[in-house]
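A.B. asks: The following block contains a protein sequence and its predicted model.
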Amino acid sequence: MPPERGRAVPWPQRRHSLLFGFAVPGGERTPQGWRVSWSGCAVMGVLNVTPDSFSDGGQHASLEAAVVRARAMRDAGVLLIDVGGESTRPGSEPVPAEVELDRVLPVVRALAGEGGVLLSVDTMKPEVAREALAAGAHLINDVTGLGDPAMTWVCAAAGAPACVMHMQGEPRTMQRAPHYADVVAEVGAFLRGRGDAALAAGVPSVLLDPGLGFGKTVAHNLALLRALPEFTAGRQPLLVGASRKGLIDRVAGAPQAAGRDPGTLALHLHAARHGAALVRAHAAAEHVQALRVQAALDDPDFSPGAQAP
């Protein structure tokens, strides 16, 4: 079923979908492939298996800890678990592909063996994406917005959707005086262009992500969040990732990343109410609960016992 994009549809009833070229958890077989559909706003849970991510670095360094965390998010009702083996926080240094693979592949293999949830891998490297998809991942989350053409080829060949994110610069230097003439127009044009190019190259579906905090000032981030109706009016589902970002500290005075979940929820509920298909969150279970309550408030057809998404 194609997603509904009418502005008159309340956000909890808006349909979103991703198409895969292979069987996936929750997928419905269609002539085009396996389609995963949902209503309202779903959650992508963050699972960083890095020593230096800005919020949860080092917390899931062992395979056992990562799997326990992933099971908790799966059981809470997330749609996707996003596994990352290289930090992309501001100022972070890149790591070799073999290091990233050593961190990511055991986790992907373990979770794919258990099933029950979609797995994405957060990587900028085509060779990591290829190996991760072969190990059982279902989607590639690329913060460079498929900047390397080989990443598009990897996703297309595997039949895997891609998350296309906007970033000005690269993680090591992206927060050194980012500048835009019109951040909403420039980010929107980038996402539409890269998304359409990926689809034309054979990637079965794309998620679009405006990339909050990736080469953007607080003013840029707030402008993008206020303009979400423009982004969600398009044909492709939108992912918003504000989880524990420095933006929340600048606005509300929360210097510790782990203390920014209330601000994260406020931003992500705003995103959901303006049509975002997914929010990417560290506090995944809390987001599932909050979104269900917000959906009940905003859905005129809600009945007790229904759960959306």
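C.D. replies: Structure's in. What do you need?
A.B. asks: Remind me which helix or strand Glu131 belongs to.
C.D. replies: Using DSSP states H and E, Glu131 falls within helix 126-135.
A.B. asks: And for Val187?
C.D. replies: Using DSSP H and E, Val187 falls in helix 183-200.
A.B. asks: picking up where we left off before, please identify the buried residues of the helix holding Glu131?
C.D. replies: 126, 128-133, 135 (16 or more other C-beta atoms under 10 Å). (C-beta placed from N, C-alpha, C; glycine too.)
A.B. asks: Could you provide the residues you listed in TSV, with additional columns for pLDDT and distance to Gly21?
C.D. replies: Formatted as TSV, the buried residues of helix 126-135 follow (pLDDT from 0 to 100; distance: C-beta to C-beta, whole Å):
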residue	pLDDT	distance to Gly21
Pro126	98	17
Val128	98	19
Ala129	98	14
Arg130	98	14
Glu131	98	17
Ala132	98	15
Leu133	98	10
Ala135	98	16
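A.B. asks: can you list these in TSV and add distance to Ser205?
C.D. replies: Shown next, in TSV, are these (distance: C-beta to C-beta, whole Å):
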residue	distance to Ser205
Pro126	18
Val128	20
Ala129	15
Arg130	18
Glu131	21
Ala132	17
Leu133	14
Ala135	20
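A.B. asks: Any chance you could list what contacts the helix holding Val187?
C.D. replies: If you take C-beta atoms under 8 Å, 6 or more residues apart in numbering as the criterion, helix 183-200 is touched by 145-146, 152, 155-156, 162, 164, 166, 180, 205-206, 208-211, 216, 220, 223-224, 227, 230-231, 234, 236.
A.B. asks: what is the mean pLDDT for the helix or strand harbouring Leu291?
C.D. replies: Taking DSSP H and E as the definition, Leu291 sits inside helix 284-298. What helix 284-298 shows for mean pLDDT is 97.
A.B. asks: In terms of secondary structure, what does that helix contact?
C.D. replies: strand 42-48, helix 63-76, helix 261-273, strand 278-281 (3 or more C-beta pairs under 8 Å, 6 or more residues apart in numbering; DSSP states H and E).
A.B. asks: thought Met151 was touching Ala162?
C.D. replies: Yes: look at Met151 against Ala162 with C-beta atoms under 8 Å: they come within range, at 7.3 Å.
A.B. asks: Now do the shared contacts for the two.
C.D. replies: With C-beta under 8 Å, 6+ apart as the test, Met151 and Ala162 both reach 140, 142.
A.B. asks: pLDDT score assigned to the closest residue in space to Ala134 that isn't next to it in sequence?
C.D. replies: With C-beta to C-beta, 6 or more residues apart in numbering as the criterion, Ala134 has its nearest non-adjacent residue at 7.9 Å, and that residue is Ala158. We have a pLDDT of 98 for Ala158.
A.B. asks: do the same with Val154
C.D. replies: 98.
A.B. asks: show me where pLDDT drops low in this protein?
C.D. replies: By pLDDT under 70, the weakly predicted segments of the chain are 1-7, 52-58, 305-309.
A.B. asks: ok now stretch 142-158, how far from the chain's centre?
C.D. replies: 16 Å (C-alpha atoms, centre = their mean, to the nearest Å).
A.B. asks: buried set for it?
C.D. replies: For stretch 142-158, by 16+ other C-beta under 10 Å, it's 142-146, 151-156, 158.
A.B. asks: would you put the C-alpha positions of it in PDB?
C.D. replies: What follows is stretch 142-158, C-alpha atoms only, in PDB (Å, rounded to 0.1, in the frame of the first residue of the first chain):
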ATOM      1  CA  ASP A 142      24.800   7.000   5.800                       C
ATOM      2  CA  VAL A 143      25.400  10.400   7.400                       C
ATOM      3  CA  THR A 144      27.200  11.500   4.200                       C
ATOM      4  CA  GLY A 145      24.000  11.200   2.300                       C
ATOM      5  CA  LEU A 146      25.400   8.600  -0.100                       C
ATOM      6  CA  GLY A 147      28.300  10.900  -0.900                       C
ATOM      7  CA  ASP A 148      30.400   8.000  -2.100                       C
ATOM      8  CA  PRO A 149      28.700   6.600  -5.200                       C
ATOM      9  CA  ALA A 150      29.900   3.100  -4.200                       C
ATOM     10  CA  MET A 151      27.500   3.300  -1.200                       C
ATOM     11  CA  THR A 152      24.500   3.700  -3.600                       C
ATOM     12  CA  TRP A 153      25.800   0.700  -5.600                       C
ATOM     13  CA  VAL A 154      26.100  -1.400  -2.500                       C
ATOM     14  CA  CYS A 155      22.500  -0.700  -1.400                       C
ATOM     15  CA  ALA A 156      21.100  -1.100  -4.900                       C
ATOM     16  CA  ALA A 157      22.800  -4.400  -5.400                       C
ATOM     17  CA  ALA A 158      21.600  -5.800  -2.100                       C
END
